[in-house]
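Novice: The sequence and its predicted three-dimensional model are supplied below.
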Amino acid sequence: MKYPANAVDILLVEDNPGDVRLTEEALKESRIAVNMRVARDGIEALEMLRGEGGYADQSLPDLILLDLNMPRMDGREVLRQIKSDDRLKHIPVVVLTTSEAEKDIIQAYGLHANCYITKPVELEEFMEIIKSIEGFWLTVVKLPDGLGK
């Protein structure tokens, strides 16, 4: 699918195919153009962000939605590497995870997550959370122009 040049680029880092599908469905209803790419684990996410391998021609996303619990490399390590990289650290990272553990929340903010959201289990609530992320991060918040374009 082709997106307008002014589409907002989102990188969803998520290993659960059901959550990927729900996020895609919620963003399809968006009032603004969204181009969403998906990384299935932390290693793939960092390859995409660093332009390694088959991702050399991709621009940086405007926003990252990051799950914490994934195979190969978890979201905590991905967040640590993003926020310690001068080329990537300005990209807002929204932690979107099932964990409600206080230690995960504290650690995510300690690693400079821009916000932490616990995924609800109910379908309607999940869709509302994604719409809320869209409403705030893609409509209200002013993101730097052309981060990776």
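Specialist: Sure, I can see it.

Novice: neighbouring contacts of the lowest-mean-pLDDT helix or strand in the chain?
Specialist: Taking mean pLDDT, DSSP states H and E as the measure, the chain has helix 123-135 as its least confident helix or strand, at a mean of 85. For helix 123-135, the external contacting residues (CB atoms under 8 Å, 6 or more residues apart in numbering) are 19, 22-23, 25-27, 29-30, 32, 34, 65, 94, 96, 117, 119-120. The C-beta positions use only the backbone N, C-alpha and C, and glycine is treated the same way.

Novice: how about the spatially most central residue of the chain, what does it touch?
Specialist: The centroid of the chain falls nearest to Leu65 when counting by CA atoms, centre = their mean (1.7 Å). Contacts for Leu65 (CB under 8 Å, 6+ apart) come out as Ile10, Leu11, Leu12, Val13, Glu14, Thr23, Val94, Leu96, Ile133.

Novice: which SSE is it in?
Specialist: Per DSSP states H and E, Leu65 falls inside strand 63-66.

Novice: Can you name the residues in contact with whichever helix or strand comes after that strand?
Specialist: The element immediately downstream of strand 63-66 (helix or strand, assigned by DSSP H and E) is helix 75-83. Residues from elsewhere that reach helix 75-83 (CB under 8 Å, 6+ apart): 13, 42, 45-46, 49, 64, 66-69, 88-89, 91, 93, 95, 97, 104, 107-108, 111-113.

Novice: hmm, back to that, just give me how far the strand holding Leu65 sits from the chain centre.
Specialist: 1 Å (CA atoms, centre = their mean, to the nearest Å).

Novice: Ok, stretch 28-35 next?
Specialist: 15 Å.
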